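Sequence and predicted structure, then a few things I'm wondering about:
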Amino acid sequence: MIKNILVYLGILTGAFAFNIFYYAWFSWFLLVLAICIPFLSLIVSLPFMISSAANSFIVFSHKSININDEFYIGVTAKKRRTFFCPLLKINLKAENIFANQHDKIKITYGGTLMKPVYKKFNKLSSHCGSVELSAKYCKVYDFMGIFFIPVKINCKFNCVIMPKSKKPALLPDCDKISVVGYKPKSGGGFSDFYELRQYQSGDSLKNIHWKLSSKYDDLIVREPTQPVYKQFAVKIALNSNSGDNDSILARLMYVCRYFNKNGSLCYILSDIDGSVSSVGNDSELKMYFKSLYTNTPYNPCTIDRANTLIYSIFADCEGVNEE
Amino acid sequence: MKNKVSFFVDFSLTAMLVLGVLWCNITAFEVNVNPIVIIVSTLIFTSIFSLISALIKSRTKFLLSIAVIAIIFTFTVLFSLESILSQTGYFINQILSYYSKYLAVPDYIILGTENSNDATLFLVFIAFILCSVISVSLIRARRLLPVSIISISPIIPCFILVNTLPSLIPLILVVSILFSLYITSFFRRKNPIQNGIVTIIITAFTILTAVVICLINPVEGYERYEWQDNLLSYMHELTGFKSNDSLNNNISKSLNEIGNSLSEKENLAEIGPIEQKSDKAMRIFTETNGPIYLKGLAYADFNNNEWSILSNEQSNIFPKDFNSFTMTKSHITNNKEISIITESSQDIMYSPYFSLEIPENFSALGDVCIRNNNKLLSYDINYSPYSESLVYFTDETSKEYNRFVEATYLGLPDDTKQKMREIADRNGLTALKKSEIPNAVKEFVSKKGYYSLDTPKMPDGKDFPVWFLEEADSGYCVHYATAAAVMLRALGVPARYVTGYYANAESGRWTTVTSDNAHAWVEYYDSTAGWIPLEATPSSFRPWQYNNTLTDTEAEQTTQQQDVTQSVTEQATNAPDTLQESTAAVQIDKNENNNKNTSDYGILNTVLISVGIVLAIILTIIIRRIIILRTRASQFEKGRNNRRAKYIYRYILKIMRFSNNPIPNEVEESALKAKFSNHTIDKKELDVLLNYADNAKNELYNNSSLIKRVYFKFIVVI
């Protein structure tokens, strides 16, 4: 590690300067000891470094966590054998493409690796998205952190950062969803709504409205129908600011759950390509977020755009409009 | 306490470190203490602070506990303030008693009203402070820097002078513990639970290494390498740096510079019969007839049958602005002038006794010799002619120089001193008054054996002066001068061995001085008269002298020729000069090997200096980067939002200079608003700017090559 090398060089320079300016034996002793120190550290560490390098390591993390939750990355030995590692350093590349966040994570650890060691990196869970962590090599250092053995680990894993549901200031009113018409209920059966019409060949005799037929002297059939409601689709206005996006997704989560709770599907309208995804429960919602983060379509469906109310979620407000 | 082993290791290291530091001071300055009290109190303090540091997790409770202990301790100190003050005074006076011998510091201070000759309480007080800081830093904060500072600071006084080296055991212990803590510092921070075992192993290895180093090159056998002195003088030359003690630095530096051309040491064990070669050394012109001493080098140390000139340590304590070459005056003001023309360019000047002034282009190097700065071939000196019958005095007495002389020119190995005193006892020299000793010693030594240049080499394993006085049948100037100088020292008279030329000058004529005139004699120090030459070689000694004197005209011509030669010499590189003065008295040896070595050291010096410069540049770049990053972080995080936005925007512009991406309108608008309107930038807008800056930076780094990345990181500091 550069810092350790610089610190050591500083000490060596100090010892050297002391040796030049101080004439007695001690300055020589100090200089020789300062020169010997890294090699001493290497001699003590080398067996442990070699055994650590031979064992190799596994790096892992959560599959999914909520935003601003504690983000842990675990390191453990590949072969679950007791061994001591003087100093392990892993440089991980962390990328959250959805939040446009690129970080370099350094994991340093020294000691035994019988159990997994967890390191906290809360910065990675500061924005919603899919955090991809990857590392090709790790380095096993001596105690002083000057000499090292590179170890190939080739690890790559993802962690989905889910938003935390947040109630929006304006909620779509499910009760006031208006009925724009009725349509025959497929398969018939019981219904609260009926349509009356003249008998047509093939109609079931059970559906004949006898009282009305006797009054009009014509066969009137009572056909069960179901109402056609005006639909809600949620449109999210994502932008380049990851903070804004976090807020939008938090409210989207709330609205989706709200719709699902009220027994209806939540249609989410993409503002990029206009595709629609339907979400019916929490697991689907989770899947939707995953696909949103990776920019892949999820559960595509079509909606009657003419009868759809667009509930838009912006960074700082919400609004309902006819499409 | 999660791990008892780690706790006990840290506890032990703290106690050993504190005791080691205290013992370094105790042994270096010979301070009287009660060791049991110090050890017990250190263990108690360490236990208290270690337990508090390890067991109390709450920060408030911890600080409260420390405060309570501090208050109790303060009251205890206040109740025994008088004792502590007097013991502090005693401790400081012990240090000053060493320092005042060599440095311009008072030799005594008064603290408190009591007289104390023990510093136990004071050191217990120091132990309390050390234990508290080291325990808390090591066990709680797990930081090495405070431990290093607090441990190294108290032992710095031991290294101000070279002769106050502490006892080796505590010193090695302290150094080894500090180095082992340094090696394990990273591990300590990352894994305090498993740190104990690691620290034990590393400490054991470090102590073992330190002991091996001590055994390989023990203190007694230590000799400073030549390259160290060369490097020091080279650095002085390169940097033009002069410390406050510039004169002393000049002495060391100049001695180092001309060291290769001088015989810094006179190895008496190697000298045997000598042949006279009669090589011309110089021509002298005086107004008086008779013998004249031309002094070259004065030797200070006698050790292992070897005379050596002032060491660097000794020259470092030479009193400032003191000129020992002109300190002595004669009652009779009968000043004379001597002209000297040397056969070859010399690094030093050969001067008669009691010079009135040192000519231009020459400078005194302590009291060792006078340096010939421009390697002149001819020079004139005004002086008071020396005669044993005349009375001399010094109006330039310096207490500091007297102290220097006492410290430097009385030194003898214990064995030699004891044997010489036994000889002196047997010959009735010890019962004499101090003023009678020089002449008595002269009489005694000059009567030993007979003068002969064929005197054989001393048998191995003998003490040269003792061998000469007790066993040798004959001797020449070196033998007589050494025996007399050592005898004088053994009898408490500061004396030294001097080499140069002893010539018989003829008034008004040029006299040739040859290598046969090379001579060694003794100088003894009289605090009222300065350095007085003493001729211990018997009167049968007569320097060989050429009679082929030159006329004035011839001499003038020679001078002109020499001047031409001199200018050529000055332009040329320092070609080796081979003065074949085979006498053991003056060995001016400029051989090719020395010059070769010097050039090798020159390359080494250049390499080391270059490495040093590169390291300094790297250090500067890193420090600059840290300062810029901290300033930037402070500008981004503190102050009004508009101001912060402006700084962030400026930073974005800096990044954009190296990136081809356009700045988004949103960012630009926010920055412009912050800069030119009354609009107050809110947190959201600030976040936009910050995020953009962060992303732009990452993008720039990701899209750049390694070299560019380094350039952006360390030079541009993005």
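Sure, I can see it. All figures in this text were calculated on a predicted structure; none of them were measured in a lab. Numbering: from 1, shown residues only, chains lettered A, B, ... in the order given.

Could you double-check that A:Asn299 sits in contact with A:Ser283?
No: using C-beta atoms under 8 Å, A:Asn299 is not in contact with A:Ser283, being 11.4 Å away. For every residue, glycine as well, the C-beta is placed using N, CA and C.

So which of the two has more stuff around it?
Each of A:Asn299 and A:Ser283 has its neighbours counted (other C-beta atoms under 10 Å in any protein chain shown); A:Asn299 has more, 15 against 9.

measure the more buried one to B:Asn660 for me?
The gap separating A:Asn299 from B:Asn660 is 40 Å, by C-beta to C-beta, to the nearest Å.

Quick one: list the elements packing against the longest strand seen in chain A.
When chain A is parsed with DSSP state E, its longest strand is strand A:148-162. In terms of contacts (3 or more C-beta pairs under 8 Å, 6 or more residues apart in numbering or on different chains; DSSP states H and E), strand A:148-162 is packed against helix A:25-55, strand A:57-61, strand A:64-66, strand A:84-96, strand A:129-141, helix A:282-293.

partners of the helix or strand just after the last one in the sheet?
Meaning helix A:282-293. Following helix A:282-293 in sequence order, the next helix or strand is strand A:300-301 (DSSP states H and E). If you go by DSSP bridges, strand A:300-301 pairs up with strand A:276-279 (antiparallel).

got the CA positions of the strand it pairs with in CSV?
Extracted C-alpha coordinates of strand A:276-279, given in CSV (Å, rounded to 0.1, in the frame of the first residue of the first chain):
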residue,chain,number,x,y,z
VAL,A,276,-46.8,-0.6,-19.5
SER,A,277,-46.1,-3.1,-16.8
SER,A,278,-48.7,-4.4,-14.4
VAL,A,279,-47.9,-5.1,-10.8
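
How far does that strand sit from its chain's centre?
Taking the mean of its C-alpha atoms, strand A:276-279 sits 18 Å from the chain's own mean (C-alpha atoms, centre = their mean, to the nearest Å).

Contact partners for residue 137?
By default, I'm working from chain A. By C-beta atoms under 8 Å, 6 or more residues apart in numbering or on different chains, the contact set of A:Tyr137 is A:Asn91, A:Pro150, A:Val151, A:Lys152, A:Ile153.

The intended chain is chain B.
Counted by C-beta under 8 Å, 6+ apart, B:Ser137 has contacts B:Arg143, B:Leu144, B:Leu145, B:Pro146, B:Val147, B:Ile150.

and these, which of them are in strands?
Going by DSSP E, the strands hold none of the contacts of B:Ser137.

Any of these buried? List them.
Neighbour-count burial (16 or more other C-beta atoms under 10 Å in any protein chain shown) applied to the contacts of B:Ser137 gives B:Leu144, B:Val147, B:Ile150.

Export the residues you listed to a markdown table and append columns for distance to chain A and pLDDT.
Putting these into a markdown table (distance: C-beta to the nearest C-beta, whole Å; pLDDT from 0 to 100) gives the following:
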| residue | distance to chain A | pLDDT |
| --- | --- | --- |
| B:Leu144 | 10 | 87 |
| B:Val147 | 14 | 91 |
| B:Ile150 | 17 | 91 |
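
now, which of those sits nearest B:Arg624?
Using C-beta to C-beta, B:Leu144 is the member of these that sits closest to B:Arg624, with 25.0 Å.

how close does the closest one get to B:Ile622?
B:Leu144 sits 19 Å away from B:Ile622, going by C-beta to C-beta.

quick one: contacts for residue 207?
Using chain A here. Here A:Asn207 is in contact with A:Gly188, A:Val221, A:Arg222, A:Glu223, A:Pro224 (criterion: C-beta under 8 Å, 6+ apart).

my question was about chain B
B:Ile172, B:Leu173, B:Ser176.

Counting only helices, which of those residues make the cut?
Within those, residues falling in helices by DSSP state H are B:Ile172, B:Leu173, B:Ser176.
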